[in-house]
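>>> requesting a structural model of the entry that follows:
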Amino acid sequence: MMITMMAALLIAVPPLFQPLDNSPGVEVRLPLDASSPLKKKVGPVSNEDGEGVFIVGLFNDETGKIGAPLFGKYLVREGELVFIPSQSFSLGKTYKAVRTDTKDKEVSQFKVPALKAQDVVRVVKVYPTTDRVPANLLKFTIVFSGPMRQSKTIFDAIELVGPEGKSVDDPWRRTELWNDNDTRLTLWFHPGRVKLGVNLREQLGPPLELGKTYTLKIPSDLLDASGNKLAQGFEKKIIAGAEVRTKLDVNHWKITSPITQSKDALTITFPYVIDPYLFAREVIVVGPTGKIIVGKASMGLEEKVWQFVPDEAWQLGEYTIRVGSEVADLAGNTISRPFEVNLETLEPLAGVQKLKFIVK
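Predicted structure coming up:
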């Protein structure tokens with residue numbers, strides 16, 4: 001609701017929910033009064049200071065009450081106090097913002113649109129796509145076609161079934177790791193059952209045993225962000241191979257260079273499966289002049305081949321592939337160190353590795 005300048009002098013302005021143009025998220029903004037001690041600040045402020053001006057909570061339509069203040073961060077930007085929630089607002093839910101610095105406690109509300117009825121969510125892909133994995137596999141990455149509902153019950157719903165048809169007991173690390181729009185879940189095995197010599201592994205055993213076949217079962221009962229079940233369940237079979245406990249060696253990667261004045265793909269072939277999301281985040285291509293090359297990257301062939309196609313044709317000269325220290329394989333071994341380390345002899349992390357190739 002628009003408020004005129006005259007009215008604003010008499011009525012305190014409620015916080016404003018603002019959908020972001022370039023993000024699925026929403027932030028909450030409030031123009032600060034001239035007398036506010038935060039007015040002259042710029043950048044992050046403490047949650048205590050922010051909540052002293054307004055709070056944001058989930059509104060329960062049945063009880064008519066607002067829940068506990070959401071977790072997030074406050075900052076001052078261009079004379080406004082801004083609240084950004086730690087997790088995206090849930091689809092189909094109503095939220096209210098309440099001013100806490102005024103007697104009348106002005107309130108505004110925002111309802112996040114629900115998914116359309118025809119947008120039935122399904123499992124699109126599960127990484128790794130290969131069916132042969134090391135017995136010390138660290139995680140699965142599950143990609144959904146639409147936003148899902150966050151819930152701790154997901155760790156009981158998703159099963160890992162062994163060769164005798166019996167579910168592996170409590171294999172998951174019970175921490176929800178979703179991307180920004182809740183379409184991708186990183187499902188970790190409990191590290192205490194993967195690492196050697198750890199009490200949990202000694203008591204319960206490793207989740208995967210060498211040479212055995214397992215089935216990851218994702219039930220259709222999982223709920224999407226609108227509260228609807230998945231279109232169908234999903235199953236993936238894996239075979240546990242030898243454990244891998246050594247750091248990655250980039251010297252074992254095979255680079256196939258493109259030719260000049262073409263848009264042919266730059267290709268890297270790996271002797272093992274690579275985590276595609278870490279690789280996408282940690283790797284850039286730099287041209288002969290030091291400029292980052294813009295293009296489209298893709299991972300294929302069971303995540304053992306990476307291709308990069310530039311937006312503009314390759315030019316003659318020496319290029320550099322910069323590889324960040326967190327690039328990892330399926331067992332969490334990185335180019336800096338293996339997943340399992342001796343803390344007493346721990347070496348410092350290696351920096352960015354630089355791989356050269358020539359375009360002729």
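>>> OK, contacts around Lys217?
158-161, 233-235 (CB atoms under 8 Å, 6 or more residues apart in numbering). Yep, even glycine has a C-beta here, placed from its N, CA and C like the rest.
>>> now the buried members of these.
158-161, 234 (16 or more other CB atoms under 10 Å).
>>> show me where pLDDT drops low in the stretch 201-350 of the chain?
Low-confidence segments of the stretch 201-350 of the chain (pLDDT under 70): 342-350.
>>> all strands for the stretch 101-250 of the chain, in order.
107-111, 123-127, 132-134, 139-144, 159-161, 184-188, 213-218, 234-241 (DSSP state E, counting those that start in this stretch).
>>> let me have the ones you listed in a markdown table, extended by distance to Glu312.
Listed next are the strands of the stretch 101-250 of the chain as a markdown table, based on distance: least, CB to CB, whole Å:
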| stretch | distance to Glu312 |
| --- | --- |
| strand 107-111 | 42 |
| strand 123-127 | 30 |
| strand 132-134 | 38 |
| strand 139-144 | 30 |
| strand 159-161 | 46 |
| strand 184-188 | 30 |
| strand 213-218 | 41 |
| strand 234-241 | 39 |
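>>> figure out which of the ones you listed is closest to Leu91.
Nearest of the strands of the stretch 101-250 of the chain to Leu91, taken as CB to CB: strand 107-111 at 9.8 Å.
>>> so what strands line up beside the closest one?
When pairing is defined by DSSP bridges, strand 107-111 lines up against strand 94-99 (antiparallel).
>>> any idea how far the strand it pairs with is from the chain center?
27 Å (CA atoms, centre = their mean, to the nearest Å).
>>> also stretch 125-137?
A distance of 19 Å separates the centroid of the chain from that of stretch 125-137, by CA atoms, centre = their mean.
>>> now stretch 305-317
So, by CA atoms, centre = their mean, the centroid of stretch 305-317 is 27 Å from its chain's centroid.
>>> list the contacts of Leu223.
Residues near Leu223 by CB under 8 Å, 6+ apart: 148-149, 151, 229.
>>> quickly list what it is bridged to.
Lys229.
>>> please determine how far it is located from Asn333.
Leu223 is 35 Å from Asn333, where distance means CB to CB, to the nearest Å.
>>> for Leu187, same thing?
Relative to Asn333, and taking CB to CB, Leu187 is found at 19 Å.
>>> same thing with Arg77?
Distance, Arg77 to Asn333, by CB to CB: 41 Å.
>>> now Ala225
35 Å.
>>> who's more crowded, the two?
Neighbour tally, Ala225 and Asn333, criterion other CB atoms under 10 Å: the higher count belongs to Ala225, 25 against 22.
>>> wait, what's in contact with that one?
90-92, 114-115, 146-149, 182.
>>> residue closest to the middle of this structure?
Centroid-nearest residue in the chain: Asn179, 3.1 Å away (criterion: CA atoms, centre = their mean).
>>> next, the contact list for it, please.
By CB under 8 Å, 6+ apart, the contact set of Asn179 is empty.
>>> what of Asn136?
Per CB under 8 Å, 6+ apart, neighbours of Asn136: 194, 206, 208, 243-245, 331, 339.
>>> quick one, phi psi at it?
phi -100, psi 30 (degrees, to the nearest 10).
>>> confidence score at it?
pLDDT recorded at Asn136 is 93.
>>> so how far is Leu200 from it?
For Asn136, the distance to Leu200 - CB to CB - is 14 Å.
>>> adding neighbour count and distance to Glu318, write the contacts of Leu223 out as a markdown table.
Putting the contacts of Leu223 into a markdown table (neighbours: other CB atoms under 10 Å; distance: CB to CB, whole Å) gives the following:
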| residue | neighbour count | distance to Glu318 |
| --- | --- | --- |
| Met148 | 23 | 45 |
| Arg149 | 18 | 50 |
| Ser151 | 12 | 51 |
| Lys229 | 14 | 54 |
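>>> Lys291: which of those residues is nearest?
Nearest to Lys291, judged by CB to CB, of the contacts of Leu223 is Met148 at 38.7 Å.
>>> TSV for the buried ones among the contacts of Lys217, including distance to Glu106?
Below are the buried ones among the contacts of Lys217 laid out as TSV (distance: CB to CB, whole Å):
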residue	distance to Glu106
Ile158	43
Glu159	48
Leu160	50
Val161	54
Phe234	47
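>>> quick one: which of these is nearest Leu316?
Using CB to CB, the buried ones among the contacts of Lys217 come closest to Leu316 at Phe234, 47.3 Å.
>>> that closest one contacts Lys125, correct?
No - taking CB atoms under 8 Å as the definition, Phe234 is not a contact partner of Lys125, at 9.4 Å.
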